Structure formats: C-alpha cells, structure tokens
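Trainee: just to be clear, the model below is a prediction. Sequence and coordinates:
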Amino acid sequence: MNDHDGGVVTGLDAEFQAMRPRLLGVAYGLLGSLDEAEDVVQDAWMRLRTTTAADGGEEIRDVTGWLVVTVSRLALDVLRSARHRREEYVGQWLPEPVLTGPVLTGPVLTGAAPDPAERVTLDESLSMAMLVVLESLSPAERTAFVLHDVFGLTFAEVGEAVGRSPAACRQLAARARAHVASRAPRFDVDPSEHRRVVHAFARACLGDDMDALVALLDPDVVFRSDGGGRVRAGRRPVFGAAKVARLLFGIQRFGRFELVPAVVNGWPGLLRYHGDRLVAVLGLTVAEGRVTAVDMVLNPEKLARVTRADETRR
C-alpha cells in the first residue's frame, strides 16, 4: 500500500485514513461545505506529517485528539472568513448536500470515487435544515455546539480548538443550544415515517395533485432554494403550505422531472433529474406526518459530487 505521496504507508498514515471520515464529518458540520471540509482535513494531515517528521519533531501521543482539535481550529478559521463571502452570496445560501445512503433505485457515487476514504461520518442531526440554523450562530458558538453536542468532545478539548477556557466554551454551547432549540427541526421522527411522507410528497408533485401536496405540507412550511446565481432560484424563503405548493407546481411547468429517493444528510430526501441530468437535491424535514421544510440545492457547484450511474435510469 502507498500513501498520498507514493511512499510506504506508515502507522500514522493508517490512523489518519481510519479517522478521515470522522474528521470530514467534523469539518463539514462546522462549514456546511464538503469542498472546504476536505481542504481543512488535508491541511491538518500535512501539518501532522510536518510536525512528526521534522528533525527532533514533536511526539504526538494522542494522534486522534490532535487531528480533531487541529481540524476544528482550521475549520473555525475558514468559517470566520467565509461569513463575509456568504453575506455576498447571490440568493439564499444552503449547505452542500451529502448523500449518506443509497439512491433507492440504484447505486450512487459520492465524492471522487466510492472509496471508503472518501466517506463522511455524518451525524444524523446535521440535516440540511439544522445546518441552516447553525449558520445563524457565531463561529465560536457553532464550533462549541458542534464539537460538544454533536461529536461529544469535552469542553477542555473544545477550548483547545476555540482558544477559550472550558467554562467559556460551556457558556458558548449553552447559548447555541438555546438558539438551536428554538429554531431547529425535531429529530424524533421515525425514519420509516419520514420515508413514507417523502414518497407521498414525490407522488403528489409528479402527479400534479395540488390537494394532496397541500395536505402533506405543514401550514407553516418553509421552502428555501439555492441557485448561487448560477441557475434560477428564489432569493428569499417562501412560507405557508399554499404558497409552497404553488411554487413547486410552478417549477414543474419548466419541464418534466424525475424525483428519485435518496438519503440526504442522514434523512430521506429526493434527487431531481431532468433527463439524465441531476438538477437539484431536496432535503425534506418532517414532523408529525407533514413536511415542515423543503431545502432545494440547485447550484451546480454544490451538486458536482452527486452522480448516478446511467443504467439506473431504466
């Protein structure tokens, strides 16, 4: 076996590869972008190699802990700089969708290849809707919440990443938790029930059944779409079952589409195809048998990793 530079794999290489899906999950939870997450994880790996390979280099006893803290620090730096870019983003910014399970009609490729090293260990709480809520937190609050509440790091470890005392990190996480509790979707939905509602949603959209679709939508449902200025998408969220249903049927008039069930960010969602071309990924939030949020990513740059084998279209 060889490492990324063509050399012999060492114990350090093997430990990093084993940790890579979790490190990607941490970075993605902080950034909402798999591209940025991969850059951060690769940067941490290079720093680890530099630190341990230097003459008289540092001995790292807990490589796993060192990598998690380093990835978190680097991601926090990126998050701080990304806030300005996202304020200038054209339209609504949604996270890059991650397929964490199979397309139900056939195989799916995510990332560059179906290599175990490319997989992301993603907590089911990091749904599309949750990541939208996390965008409203300060970088330090988001980091404290994601590292402690989602990935289970101690506040001492969080403090190493954030550069604050454990007590200060506890306060950051508490503020973030209160904010998330007031806005985040519920996660006590049975996966089979979630899947049933998503399938019913797809049937109503494809069957032009306005009444069935309205009945499936929560009265306060929110629809968000992200075209990134590259394709047509709404600049602001749309609220209310009737308005969202009309909008979805309006989209259908631009051409016939296929909706394919898939697991998006840990929950049943949909891939939208126009012919052989993937045009959108939909993350759907469900509570009490109804869809409470529809997050539609149309920006081609954010869809680049999601592909589908041609033979599955038969």
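Mentor: Structure received.
Trainee: so, low pLDDT: which residues of this structure?
Mentor: Scanning the chain for pLDDT under 70 picks out 1-10, 53-58, 101-119, 185-188, 252-255, 307-314.
Trainee: so which residues of it form helices?
Mentor: 11-31, 34-53, 63-87, 128-134, 139-145, 155-162, 166-183, 191-206, 210-216, 241-252, 300-303 (DSSP state H).
Trainee: okay, those helices in JSON lines with distance to residue 289 next?
Mentor: For glycine as for every other residue, the C-beta is placed from the backbone atoms N, C-alpha and C. Formatted as JSON lines, the helices of the chain follow (distance: least, CB to CB, whole Å):
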{"stretch": "helix 11-31", "distance to residue 289": "28"}
{"stretch": "helix 34-53", "distance to residue 289": "31"}
{"stretch": "helix 63-87", "distance to residue 289": "33"}
{"stretch": "helix 128-134", "distance to residue 289": "17"}
{"stretch": "helix 139-145", "distance to residue 289": "29"}
{"stretch": "helix 155-162", "distance to residue 289": "37"}
{"stretch": "helix 166-183", "distance to residue 289": "21"}
{"stretch": "helix 191-206", "distance to residue 289": "6"}
{"stretch": "helix 210-216", "distance to residue 289": "8"}
{"stretch": "helix 241-252", "distance to residue 289": "13"}
{"stretch": "helix 300-303", "distance to residue 289": "29"}
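Trainee: need these in CSV (columns: mean neighbour count).
Mentor: What follows is these, written out as CSV (neighbours: other CB atoms under 10 Å):
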stretch, mean neighbour count
helix 11-31, 21
helix 34-53, 18
helix 63-87, 18
helix 128-134, 25
helix 139-145, 24
helix 155-162, 21
helix 166-183, 16
helix 191-206, 17
helix 210-216, 17
helix 241-252, 16
helix 300-303, 18
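Trainee: straight-line length of stretch 260-280, end to end?
Mentor: 11 Å (CA to CA, to the nearest Å).
Trainee: can you give me the buried ones in it?
Mentor: 260-273, 278-280 (16 or more other CB atoms under 10 Å).
Trainee: out of these, which sit inside strands?
Mentor: Using DSSP state E, 260-264, 267-273, 278-280 are the members of the buried residues of stretch 260-280 that sit in strands.
Trainee: between the residues you listed, which sits nearest residue 84?
Mentor: residue 280 (27.0 Å; CB to CB).
Trainee: who's the closest one bridged to?
Mentor: residue 272 (DSSP bridges).
Trainee: stretch 126-137: how far from the chain's middle?
Mentor: 9 Å (CA atoms, centre = their mean, to the nearest Å).
Trainee: grab the CA positions of it and hand them over as CSV.
Mentor: The C-alpha atoms that make up stretch 126-137 are tabulated as CSV, following Å, rounded to 0.1, in the frame of the first residue of the first chain:
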residue,chain,number,x,y,z
LEU,A,126,-26.7,17.6,10.7
SER,A,127,-29.6,17.7,8.4
MET,A,128,-29.9,20.4,5.8
ALA,A,129,-32.4,22.3,8.0
MET,A,130,-30.1,22.0,11.0
LEU,A,131,-27.1,23.3,9.1
VAL,A,132,-29.3,26.3,8.0
VAL,A,133,-29.9,27.0,11.7
LEU,A,134,-26.2,26.7,12.6
GLU,A,135,-25.4,29.4,10.0
SER,A,136,-27.2,31.9,12.3
LEU,A,137,-24.7,31.2,15.2
